[in-house]
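**Q** predicted structure and sequence below. I'll ask about it afterward.
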Amino acid sequence: MKNNNTNSIKAIKSVFWYTFSSFLTKGVAFITTPIFTRLLTKEDFGAFGNFTSWLSILAILATLHLESAVARARFDFEDDFDGYISATVFFGSLVSLSFYTAILLFPTFFCRIFNMDLRYLHILCLILIFSPAFDMMQIRLRYSYRYIANVTITIIMTVGSTLIAVLMVQHLEDRLFGRIAGAFVPRIAVYVVVFIFILSKGKKLVKLEYWKYAALYSIPIIPHLLSNVILGSSDKIMITKMVGKEATGTYSLAYSCGMVISVLLTSFNKAMTPWLTDKLHEKDYDIIKKVNRWYILLFAIMVEGMVLVAPELIFFMGGTKYAGAEFLIPPVMIGYGFKFAYTNYVNVEQYEKKTGIVSVATIISAAFNFVANLIFIPLFGYQAAAYTTLMGFILLLLIHFVVSRKMGLVYMYDNRFTFFVMGIMLAAGLFSQILYINTLLRWIVIAIIAIICSVIAFRLFKQYLNTKKKIAKDSHTSA
């Protein structure tokens, strides 16, 4: 019990530090976005969105996303975990290198497919070859609860590359090149250093047992990961093709405003997944259910708060030339809320190695999103893409819940509470657009939400202190 409580404290601390680092690093990106929107044309801003969208897709497809297996491999290869990581990093880099070779052999074809210059494809492929090493290192640190080291590395790299990008955009004539090279070339240098470090530490490159394990675990989940990214990224690619880069620029700004909720989702999930897998391993389902209720409620309230400040977000991030983009914020933010909810079921499915089912669900949702975009973007404009993505995330939640229930994997959650909170979040979020025309009333509602969040945060912090005191008391009694 003492060890379990200690891990819980570590999990709580990691939530704080990952959230802090995510907001600090993304905060720099958030603050610098208004600089980029003013220095770059709408077309260049849209081209950068197109680059990052393709990067998100290829980071899964061209690397096999072998880091997906690390969470489970730490139990199965506990005696040689570093060797497992070095072997899988090398394996993933070989796969990415083969993709880069194809681009070098047929550059014109790939430039046309990705709608970008060859020099940007070079940068993109170098990221794909070396970034998995950095991702593996972060996962290794995260599951060891070494959050300080993980946070420090992330902050230095992210803040540094963002500031370099700002300087390059300001001083280079080709500002789009400055935006892409400034943001990613410094990261590539860090990735290379980490790549060498991991291989030298693990001392294993070719280990067929590890390659097979990682591939058998990760490949079935690729359709899920890819389809999930497509849900969030294909919109920009399709808008670029169907409407133009200027429309992509406006749409990208709305998603940049959604960065805050995205950061919360990612940092919460990264910090809580090690704790969740530990509790699942220990079959401590009651504590999972209790924590998850607060988890869901707090995130839904934060989503509604961000929806309410959408007009100010758009004005700060882009200025008057992006007026009207605030009406894209509600479906974007609410979509992240539903993504947060279904991720809870996905985490359990992955722990139980039901990755094939995860993939089928996401493929269905991504196919729905793709077809809906083909139909509704020509009819209602690029704004329709935000709502089709929201519907895709709602569909994902429903599919994962139904499938998980049939497999008997939902008993650790309060499912009625989850769907009730999601329903309220959806209705309140869409209704909040009406308040955009009444600033005073909108800010009164924001103040009320802030008070509710403060009360919840205070109660959670009080529980944390009580748990910490209990551990200290138990430790003193044992001594």
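**A** On my side now, so go ahead.
**Q** I'd like the next helix or strand past the lowest-mean-pLDDT helix or strand in the chain.
**A** Least confident element among the helices and strands of the chain, by mean pLDDT, DSSP states H and E: helix 2-39 (a mean of 65). Remark: after helix 2-39, the chain's next helix or strand is helix 42-61, criterion DSSP states H and E.
**Q** packing partners of that following helix?
**A** Packing partners of helix 42-61 (3 or more Cβ pairs under 8 Å, 6 or more residues apart in numbering; DSSP states H and E): helix 2-39, helix 118-143, helix 175-202, helix 222-242, helix 245-257. C-beta coordinates here come from the backbone N, C-alpha and C atoms, glycine included.
**Q** and these: which comes nearest residue 419?
**A** helix 222-242 (20.1 Å; Cβ to Cβ).
**Q** for the closest one, what is the average pLDDT?
**A** Mean per-residue pLDDT for helix 222-242: 75.
**Q** other SSEs contacting it?
**A** helix 42-61, helix 245-257, helix 355-380, helix 384-406.
**Q** tilt between the helix or strand just after the shortest one and helix 245-257?
**A** Sequence-wise, the next helix or strand beyond helix 245-257 is helix 259-282, with elements assigned using DSSP H and E. Here the directions of helix 259-282 and helix 245-257 differ by 50 degrees (axes from the mean of the first three to the mean of the last three Cα atoms, to 10 degrees).
**Q** can you give me the buried ones in the helix or strand that comes right after helix 259-282?
**A** Later in the chain than helix 259-282, the nearest helix or strand by DSSP H and E is helix 285-308. Within helix 285-308, the residues that qualify as buried are 288, 291-292, 295-308, counting by 16 or more other Cβ atoms under 10 Å.
**Q** how many residues are close by residue 336?
**A** By other Cβ atoms under 10 Å, the residues close to residue 336 number 28.
**Q** any idea which element it lies in?
**A** helix 329-351.
**Q** which elements pack onto that helix?
**A** helix 70-76, helix 245-257, helix 259-282, helix 285-308, helix 310-318, helix 355-380, helix 384-406, helix 415-431.
**Q** next helix or strand past the first one?
**A** Spelled out, it's helix 70-76. Assignment by DSSP H and E places the next element after helix 70-76 at helix 81-105.
**Q** from residue 413, how far out is residue 351?
**A** 13 Å (Cβ to Cβ, to the nearest Å).
**Q** just want to know which of these two has more residues nearby.
**A** More neighbours surround residue 413 than the other of residue 351 and residue 413, with 22 against 16 (other Cβ under 10 Å).
**Q** surely that one and residue 289 touch.
**A** Yes. If you go by Cβ atoms under 8 Å, residue 413 and residue 289 touch, sitting 6.1 Å apart.
**Q** show me where the stretch 151-300 of the chain dips below the pLDDT cut-off.
**A** By pLDDT under 70, the low-scoring segments of the stretch 151-300 of the chain are 224, 228, 231-233, 267, 270-271.
**Q** ok so, going back, so which of the helices and strands packed on helix 222-242 gets nearest residue 431?
**A** So among the helices and strands packed on helix 222-242, helix 384-406 is nearest, using Cβ to Cβ, at 14.5 Å.
**Q** between that closest one and helix 329-351, how many degrees?
**A** Using the same axes, to 10 degrees: helix 384-406 against helix 329-351 is 30 degrees.
**Q** average pLDDT across helix 384-406?
**A** 87.
**Q** over to stretch 115-125?
**A** Rounded mean pLDDT across stretch 115-125 is 93.
**Q** can you offset everything so residue one is 57?
**A** Sure thing, new numbering starts at 57, so read that last one as stretch 171-181.
**Q** overlap in contacts of residue 407 and residue 469?
**A** Residues touching both residue 407 and residue 469 (Cβ atoms under 8 Å, 6 or more residues apart in numbering): none.
**Q** returning to that earlier point: now the helix holding residue 392 - C-alpha only, PDB.
**A** Only the C-alpha atoms of helix 385-407 are listed here, as PDB (Å, rounded to 0.1, in the frame of the first residue of the first chain):
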ATOM      1  CA  ILE A 385     -13.200  27.400 -32.200                       C
ATOM      2  CA  PRO A 386     -16.300  25.600 -30.600                       C
ATOM      3  CA  PRO A 387     -16.300  22.500 -32.800                       C
ATOM      4  CA  VAL A 388     -12.500  22.300 -32.600                       C
ATOM      5  CA  MET A 389     -12.400  22.600 -28.800                       C
ATOM      6  CA  ILE A 390     -15.300  20.200 -28.200                       C
ATOM      7  CA  GLY A 391     -13.700  17.700 -30.600                       C
ATOM      8  CA  TYR A 392     -10.700  17.700 -28.300                       C
ATOM      9  CA  GLY A 393     -13.100  17.000 -25.400                       C
ATOM     10  CA  PHE A 394     -14.500  13.900 -27.000                       C
ATOM     11  CA  LYS A 395     -11.000  12.800 -28.000                       C
ATOM     12  CA  PHE A 396     -10.000  13.100 -24.400                       C
ATOM     13  CA  ALA A 397     -13.000  10.900 -23.400                       C
ATOM     14  CA  TYR A 398     -12.400   8.100 -25.800                       C
ATOM     15  CA  THR A 399      -8.700   8.000 -25.100                       C
ATOM     16  CA  ASN A 400      -9.600   6.600 -21.700                       C
ATOM     17  CA  TYR A 401     -11.000   3.500 -23.400                       C
ATOM     18  CA  VAL A 402      -8.100   3.300 -25.900                       C
ATOM     19  CA  ASN A 403      -5.600   3.300 -23.000                       C
ATOM     20  CA  VAL A 404      -7.200   0.200 -21.600                       C
ATOM     21  CA  GLU A 405      -7.600  -1.500 -25.000                       C
ATOM     22  CA  GLN A 406      -3.900  -1.000 -25.600                       C
ATOM     23  CA  TYR A 407      -2.900  -2.300 -22.200                       C
END
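**Q** right, I'll leave it there.
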